[in-house]
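sequence plus the predicted model coming up.
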Amino acid sequence: MNLPHKLNKNNMMLLFVFISIISSSLCFTSCVKDSDLLAEAVISDESSNIFLEIYDVMISDNEEVVQEPTTTTTTTTTNTNTTSSNNNTTNTDTSTNTNTTNTDSSTNTDTSSTVEPTTPINTVQPESNDVTVSSSAPFKITVGNNIPLSPSNPNRVFYVAVNGSASNTGLKESSPIDIKTAFSKDFVQAGDVFYIKAGEYGSFSNPVDGANYDLSNFDCNPSQPCYWIGYKNTPGDINASEFSTVSWEDYKRRPQAADGTHQLDASLMPTFSGDTSKAPKYIDNESLFYNDGGEQGFVFRNMQIQYYRRGFSMRNIDSSVFENITVANLGWFSDIEGQGGSNSDLQGTAFLIWGDDYDNAMPQNNVIKNCAAYNMTFRGFTINVSQNTLVANNESTSDIDNGNPQDYYFHTTGKNNLFTNVRAKRLISSNHSGHGICFNQLANKNIMEKSTVYGTDIHFDGATECYAHDITVTGDDSYGLFKGGAIIVMDGAENNLIENVKSENGAVGVGFLDSGKNPYPEHAGQHNSFKNVSIYNKSHAAIELGWWNDKDDLSQNNFFENCNFTGAPSLFVVSRSNSGFNFKNCSLNNILNIVDHTYKNDSGYQLNANTTFENCTFFNSEVPSSIDYIVKN
């Protein structure tokens, strides 16, 4: 399946039209949010071939804001908008959450519908726990689950505190149980709720089987989820509206250790800290939470985790929720490996949700929302061999490089996952470029949207049929060799759609590469479409056909439509084989040269003469010659 390369001149009413098309057209509708944990991106005819060689498409970006929690849900669908009316019950809590049996303060809703294309909107309600998600992706995905953030029908309710005891009843705050009991398989039953008071809960001196808390074989399930909910003074007093309640600035205000980390404030919420005497080798504290596979129906809210190998290492987990979890200072902070933790022994990863293989068990329908990962030595949020995951309102930031800097900020090798409203920030000139949002190793039909990346790049590394829209990627020219700010397409990436993305500052706008490191067939990016992409202020080139490794592997048939290139020495730097690049209705401003062939180009690669410029404009830029290329006006 190939993305289109040519436009259909006979149908100007559609937003994106390509020539040599089939007679059918596809009309896309929005991603609709079903509760704060369920979202959909909908195509009106799911059976249609969405990545055709040539096709007519109308893409829009509708949104539905859904209120939480409800006892009555009314959904009205018209051809221009969708309205959800929810009648919430009330309790003694002050936030918008239904919980008839306790005082927790989250919000819940179950509403979904299909809406027709309208004018794109961008609405978030920071006063609630709602996540507004939308997508105009040329395919359908359903992500998340219907588990409410607060328990609606708990089995048992317990209180947990630092001074708790297994001999206490736990039925009231004055008689709390201890933290080990709250995570004991012999004690926890399906539907149980544990309210955990702020304080330092530490960790085990000798983790068993690589984890402090093994949650394998717990009886929780989506119909009777188990809740572990942190609070500061009174249950229900911590509620994240958008992103973690512990910001990067809060983290940076804390005292700094010799290895550059900052210790989280345990007075804010329950905090799990590994043994800091093992600094800087916190991997010896192993993972905090682990499960062996098949578990489901876990809800973790309002916690802090620091100084471990991993925060969560969850194998084949389904239908679970991670909300307002701040994880910091994981891994090995020393000059030991030097490539962003690619050696698994050095991993420092906040959230790892992983499956066994693509053909059998895969984690699915999980939610990671309003969480933060600060200063990892490997990965922030990793969704490996997983599907239908909602990753919303999360931040991953790093400013430490002790020889083992953070590599991946948001990452998936799965399919049908949605990354929406996330922030990736690489705030140091480290010896690894990092991956801001990365769809990796045959990742398929994933979406990244409405997000910002600073100091690093967004990646399509072997990804197929994925979609990115409304992303801002910003580089920093002071960052030495790895300046960030690029869209990287490599290692067999094909049939991806990148739309309304802004790439500013840094060295390169779009890079086409091939590492040659993967077991599957690779090339340097083919049949990818870039629409309404803006590339500004690049010190090297707007587009680089990079020299890295397998330079004979083609980068070909990549299509740029309605794109703006402003401020670069060259449109192209060519250091590998290429064919069939196509520019339609693009503008070039202050682009001094069409191509630079001199950079690491020992093999003498040229920009292919079949490169096409159609209805493009040039201001203070070199104009391509019709002798050298295909020029149509």
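All right, it came through fine.

every contact and neighbour count from this point should use C-alpha atoms.
Noted.

check this protein and tell me which residue is nearest its centre.
Nearest to the centroid of the C-alpha atoms of the chain, with distances taken as CA atoms, centre = their mean, sits Phe419, at 3.7 Å.

that one sits in which helix or strand?
In this structure, Phe419 sits in strand 418-420 according to DSSP states H and E.

still on that earlier bit, for the residue nearest to the centre of the chain, what are its contacts?
Shown in contact with Phe419 (CA atoms under 8 Å, 6 or more residues apart in numbering): 390-392, 447-449.

sitting in strands, which of the residues you listed do you find?
Residues of the contacts of Phe419 located in strands (DSSP state E): 390-392, 447-449.

next, format these as a markdown table and append distance to Gln364, neighbour count and pLDDT.
As requested, the ones in strands among the contacts of Phe419 are exported to a markdown table (distance: CA to CA, whole Å; neighbours: other CA atoms under 10 Å; pLDDT from 0 to 100):
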| residue | distance to Gln364 | neighbour count | pLDDT |
| --- | --- | --- | --- |
| Leu390 | 10 | 27 | 97 |
| Val391 | 12 | 26 | 98 |
| Ala392 | 15 | 27 | 97 |
| Ile447 | 15 | 24 | 97 |
| Met448 | 17 | 26 | 97 |
| Glu449 | 20 | 25 | 96 |
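
so Val422 sits against Tyr454, correct?
No. The criterion here is CA atoms under 8 Å, and Val422 misses it with Tyr454 at 11.4 Å.

which one's more surrounded, these two?
When neighbours are counted by other CA atoms under 10 Å, Val422 and Tyr454 differ, and Val422 comes out ahead with 27 against 23.

report the separation between that one and Ile325.
Using CA to CA, to the nearest Å, we find Val422 at a distance of 14 Å from Ile325.

ok so, going back, pick out whichever of the contacts of Phe419 sits closest to Ala240.
Among those, Ala392 lies closest to Ala240 (CA to CA), at 12.2 Å.

so who does the closest one touch?
For Ala392, the contact set (CA under 8 Å, 6+ apart) comprises 131, 367-370, 418-422.

that one bridge partners, please.
Here Ala392 shows beta-bridge partners Lys369, Thr420, assigned using DSSP bridges.

Val510 too?
Assessed by DSSP bridges, Val510 has beta-bridge partners Ile487, Ile543.

doesn't Ile543 make contact with it?
Yes. Using CA under 8 Å, Val510 is in contact with Ile543, at 4.8 Å.

mind listing what Thr271 touches?
Listed by CA under 8 Å, 6+ apart, the contact set of Thr271 reads 198-202, 264-265, 303-306.

likewise Ile488?
457-461, 510-513.

per-residue pLDDT, it?
Ile488 carries a pLDDT value of 97.

how near is it to Lys517?
Computed as CA to CA, the Ile488 to Lys517 distance reads 16 Å.

go on, Pro148?
42 Å.

ok, now Lys445?
Lys445 is 22 Å from Lys517, by CA to CA.

and those two? Which one has more around it.
Taking neighbours as other CA under 10 Å, Lys445 and Lys517 compare with Lys445 leading, 24 against 10.

burial count for the closest residue in space to Lys281 that isn't next to it in sequence?
Nearest residue to Lys281, sequence neighbours excluded (CA to CA, 6 or more residues apart in numbering): Trp332, at 4.4 Å. Trp332 has 31 neighbours, counted by other CA under 10 Å.

is it true that Trp332 touches Gln347?
Yes. Trp332 lies in contact with Gln347 (CA under 8 Å); the separation is 7.4 Å.

shared neighbours of those two, which are they?
Residues touching both Trp332 and Gln347 by CA under 8 Å, 6+ apart: 283, 309, 377.

buried residues in stretch 292-300, which are they?
293-300 (16 or more other CA atoms under 10 Å).

let me fix that: stretch 450-466
Using 16+ other CA under 10 Å as the test for burial, stretch 450-466 gives 450-466.

show me where this structure has its helices.
For the chain, applying DSSP state H gives helices covering 179-182, 248-252.

which of those sits most buried?
helix 179-182 (a mean of 20; mean count of other CA atoms under 10 Å).

circling back to that earlier point, now render the buried residues of stretch 292-300 as JSON lines, adding pLDDT.
Conversion of those to JSON lines gives the following (pLDDT from 0 to 100):
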{"residue": "Gly293", "pLDDT": "89"}
{"residue": "Gly294", "pLDDT": "88"}
{"residue": "Glu295", "pLDDT": "96"}
{"residue": "Gln296", "pLDDT": "96"}
{"residue": "Gly297", "pLDDT": "98"}
{"residue": "Phe298", "pLDDT": "98"}
{"residue": "Val299", "pLDDT": "98"}
{"residue": "Phe300", "pLDDT": "98"}
